[in-house]
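> Below is the structure, and that's it, no one-letter string:
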C-alpha cells in the first residue's frame, strides 16, 4: 500500500498498476531476504496465502505494509492458478484498492466491513470458478483414467449431480467421490472428453497453456521454420490434450475445426488464446465446423472468420508451395495430416509412372514430381479440385509437361487406365459418413 501511495501521486490509476507492482515486488524481495522463516508454496497455501505470513513477523517489523502488499500479490497469483485465493487477505485487498482509487485511507469501520465482505466475495468467486456439475462413475470404472485415458463412456456413469447440457464443463469423480478430471459433456456413447486431470478452471488461460505447449512441440520438431515450412497441424485433438479440436496453420492463417459441442462453445476463448500464443505469426483465424459437429446436436454452426478476413492463401510445406482454399475446400483446406506420407512418396517416385487417384488439390502429385517421377497423372471428379491441382503444379514446376490432370469419375478412369502405372496413390473419400 505504501508503494501505491507513492506512485499514484505521480501517475494515473491504470499507469500506477505496473509501477506499483514493480515497487511492491522490490519491497517484497527486501522482506524475504531478511526473513528468519523459510516458507514454501505449500506452506503459503496452508496459511491461506502469502498475506497470512505477515502474522508471524515480530511486532517491530513493518508487517502491516508487508501484509497489504503481499495480499495483492497473492490474489494475482491466485487468479493465475498458482495459489488458491487466500480468504484471510480479502479485506486487505479491498482496503488496498480503495486507497488506489480514492487516494485516501479508509476509516476503521470500512476496514471492518471490508474484511468480512472481502472474505465472502473471494470465497464466493473461487467456488463459482470450480462449480461444475459432478458426474460419478460406477465402481471399478476409474482404472483407465489412472492411465490418463481421456474418454468417459456413457455406460461407465453411475449418476449425475444434475443433468448437464451439451457442451457443459463437468467434473468426473470415482464412486467414492475422489476427483478424476474435468471435461466437456456430450450426449452419445462418449459422454465426457477429459480436458485435464487436475482441479483447474477451464478458461482462456487454460487454453493458452494448452496451445502454448502444442506450439512449443511443433517448434522443437522443426515443423514451423520460416520459408521452408509454415504449414502444420498445431492441435490434433487428444494428442494435444484438447479432444474434439483441430487447428491447422497455413502461413498467417489458422483454421480451427470443432468436433464437439464443448469446443464449439469455447471457440471465442480458444481464438483469443491462439492469438495470444502466436502473436504476429497469424493475422487470421477461420472457424470451419459446419460439417464436423454432431448433426444431432443441432448447433447451427456457421463458418466464419473469428479474426481478420480474406488473406493470401499460398502456404509452404517442406519447401513446396500450394494454394489453400479453407473457405470452400474439404476439411480445413488441405490434408495437413498426410505430410509424412507425401514425403515418403517422394522417395518412392523416382523414375516411376504415378497415378494420384482422388487427388483433391494435388499434394501427392507435386511431391512425386519433385521426386523425379517419369510422369504424374492426377484424377478427381471435382473440376474445381483439378483446377487447383494444376495451379499448384504450375506454382512449383512451371511448364513441366510430366503432369496431366483429369476431371473424371474415378471408377470409370480405373476401368480404362490399363497397366501404364507402377505407383498408385488411392485415398478415397468416406462413402458412408453416417449410419
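Happy to help now that I have it. Note that the structure is predicted; figures quoted are calculated from it, not measured. Numbers count the residues shown, from 1 in each chain.
> And the helices in the stretch 251-400 of the chain?
All helices of the stretch 251-400 of the chain, identified by DSSP state H, counting those that start in this stretch, fall at 261-265, 267-278, 339-348, 363-370, 383-396.
> and of these, who's closest to residue 296?
For residue 296, the closest of these is helix 261-265, at 10.3 Å, according to CB to CB. All C-beta atoms are positioned from the backbone trio N, CA, C, and that covers glycine.
> looking at this protein, which helix or strand does the model trust least?
Across the helices and strands of the chain, mean confidence by mean pLDDT, DSSP states H and E is lowest for helix 41-46: a mean of 36.
> mind putting the helices of the stretch 251-400 of the chain in a markdown table, distance to residue 131, mean neighbour count and mean pLDDT included?
Shown next, in a markdown table, are the helices of the stretch 251-400 of the chain (distance: least, CB to CB, whole Å; neighbours: other CB atoms under 10 Å; pLDDT from 0 to 100):
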| stretch | distance to residue 131 | mean neighbour count | mean pLDDT |
| --- | --- | --- | --- |
| helix 261-265 | 17 | 23 | 95 |
| helix 267-278 | 18 | 19 | 95 |
| helix 339-348 | 42 | 15 | 94 |
| helix 363-370 | 47 | 26 | 94 |
| helix 383-396 | 49 | 18 | 92 |
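> Now those helices in a markdown table, please, with extra columns for distance to residue 238.
Shown next, in a markdown table, are those (distance: least, CB to CB, whole Å):
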| stretch | distance to residue 238 |
| --- | --- |
| helix 261-265 | 12 |
| helix 267-278 | 16 |
| helix 339-348 | 19 |
| helix 363-370 | 25 |
| helix 383-396 | 30 |
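> For residue 211, which of those helices is the nearest?
helix 267-278 (4.6 Å).
> And the average pLDDT for stretch 197-204 is what?
For stretch 197-204, mean pLDDT is 93.
> pLDDT weak spots in this structure?
Along the chain, segments meeting pLDDT under 70 span 1-130, 431-435.
> Verify the contact between residue 184 and residue 193 for me.
Yes. Applying CB atoms under 8 Å, one finds residue 184 in contact with residue 193, separated by 5.4 Å.
> Strands of the stretch 101-250 of the chain, residue ranges please.
133-137, 151-153, 157-160, 169-173, 179-185, 190-196, 231-236, 245-250 (DSSP state E, counting those that start in this stretch).
> what sits in contact with each of residue 184 and residue 193?
243-244, 260, 262 (CB atoms under 8 Å, 6 or more residues apart in numbering).
> Ok, which of the helices of the stretch 251-400 of the chain comes nearest residue 309?
Here helix 267-278 is closest among the helices of the stretch 251-400 of the chain (CB to CB), at 13.8 Å.
> Please name every helix or strand in contact with the closest one.
helix 204-220, strand 253-258, strand 284-287, strand 304-307 (3 or more CB pairs under 8 Å, 6 or more residues apart in numbering; DSSP states H and E).
> Return the most buried member of these.
strand 253-258 (a mean of 25; mean count of other CB atoms under 10 Å).
> Let me see the contact set for residue 269.
Listed by CB under 8 Å, 6+ apart, the contact partners of residue 269 are 203-204, 207.
> let's see 10 Å
202-208 (CB atoms under 10 Å, 6 or more residues apart in numbering).
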